[in-house]
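Trainee: Predicted model, plus sequence, below.
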Amino acid sequence: MTTTTKPAAPATTAPARRPGPVALSLRQSRLEITQFLRSRESVVFTMGFPVIMILIFAAIFDDEIAPGVSYTQYFITGMIATGLMTVSFQNLGIWIPIERDRGVLKRYRGTPMPKWVWFAGKVIMVVAIGIAETVLLLAVSVALFDLELPGTAAKWLTFGWVSVLGVTACTLCGIAISSLARTARSGSAVVTPVALVLQFISGVFFVFTELPTWMQQVAALFPLKWMCQGLRSVFLPEAFGAREPGGSFELDRVALVLVAWCVIGLVLCLTTFRWTTKRDG
């Protein structure tokens, strides 16, 4: 008597789970941060430039600009704002054209990866590097120049929302201005002069109210002036607000202008961003 055995049923493998939105964003941000850290020029310029400027200007100017307020204290607040602008607006405005010119963005667009993941990676990278740079600037300023950190929760909260809104506005504007560069080499030529001019007219290197009136009016149209003013309310005495153009730190107006620039930057990104160069069609 013979017995027959039934063939074994084929093994079934469970389909691989696709990574969720958070995992995709974190993977892309890890790649962006790694690429940033591998570029020595970007690391030195982005992280080192504000520190070097603080060391130079603090060694040259050590007088008081108001009772209990030294020039160094004033300058440090401006350099914190400048550091946030550099890592977002300037860094993205220079590197995105390079990626576009090399065909990196074109290849990204051709993959199944959702396009928003690439933007999320850039944003998370900016936030991570911005936090690291701000901590570095505060550490140097506290250790070498006796900068007093905010003593109340309200001031830390102000520091937080001014930084978040400022970085958001500058990030969106950096992505938008990247479309003006026709080639990889022209990115720096387009962005760097804009960033330098804004620093000179926004109260970073000089006391804002000592600048010509027309220069103050031009600076008031852009985010950096309001970032500097908001941060001055955190690190400088309340009495210094009387030295501001409006007679106070005007935090409500700071918030309004920065939110407006977030909206403007988003609209510009949606209407001008290009994944390919013009020669690609």
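Mentor: Great, that's in hand.
Trainee: Mind pulling the model confidence for the residue nearest the centre of the chain?
Mentor: Nearest to the mean C-alpha position of the chain, by Cα atoms, centre = their mean, lies S88 at 2.7 Å. Here, the pLDDT recorded for S88 equals 92.
Trainee: residues contacting it?
Mentor: V126, G130, V167, C170, T171, G174 (Cβ atoms under 8 Å, 6 or more residues apart in numbering). C-betas here are computed from N, CA, C, even on glycine.
Trainee: do you know how far it is from V190?
Mentor: 16 Å (Cβ to Cβ, to the nearest Å).
Trainee: So the residue nearest to the centre of the chain versus I129, what's the distance?
Mentor: S88 is 9 Å from I129, by Cβ to Cβ.
Trainee: Same question for W214.
Mentor: W214 sits 34 Å away from I129, going by Cβ to Cβ.
Trainee: who has more neighbours, the two?
Mentor: I129 (24 against 9; other Cβ atoms under 10 Å).
Trainee: Strands of the stretch 1-150 of the chain, residue ranges please.
Mentor: Counting by DSSP state E, counting those that start in this stretch, one finds strands in the stretch 1-150 of the chain at the ranges 64-66, 69-70.
Trainee: How about exporting stretch 25-43 as PDB, limited to the C-alpha atoms?
Mentor: C-alpha atoms of stretch 25-43 as PDB (Å, rounded to 0.1, in the frame of the first residue of the first chain):
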ATOM      1  CA  SER A  25      12.300  62.500   6.800                       C
ATOM      2  CA  LEU A  26      14.800  61.400   9.400                       C
ATOM      3  CA  ARG A  27      16.700  59.300   6.800                       C
ATOM      4  CA  GLN A  28      16.900  62.300   4.400                       C
ATOM      5  CA  SER A  29      17.900  64.700   7.100                       C
ATOM      6  CA  ARG A  30      20.700  62.300   8.200                       C
ATOM      7  CA  LEU A  31      21.900  62.300   4.600                       C
ATOM      8  CA  GLU A  32      21.800  66.100   4.400                       C
ATOM      9  CA  ILE A  33      23.600  66.600   7.700                       C
ATOM     10  CA  THR A  34      26.300  64.000   6.700                       C
ATOM     11  CA  GLN A  35      26.800  65.900   3.400                       C
ATOM     12  CA  PHE A  36      27.100  69.200   5.200                       C
ATOM     13  CA  LEU A  37      29.700  67.900   7.700                       C
ATOM     14  CA  ARG A  38      31.700  66.400   4.900                       C
ATOM     15  CA  SER A  39      32.100  69.800   3.300                       C
ATOM     16  CA  ARG A  40      34.800  71.500   5.300                       C
ATOM     17  CA  GLU A  41      34.200  74.900   3.600                       C
ATOM     18  CA  SER A  42      30.600  74.900   4.700                       C
ATOM     19  CA  VAL A  43      31.300  73.800   8.200                       C
END
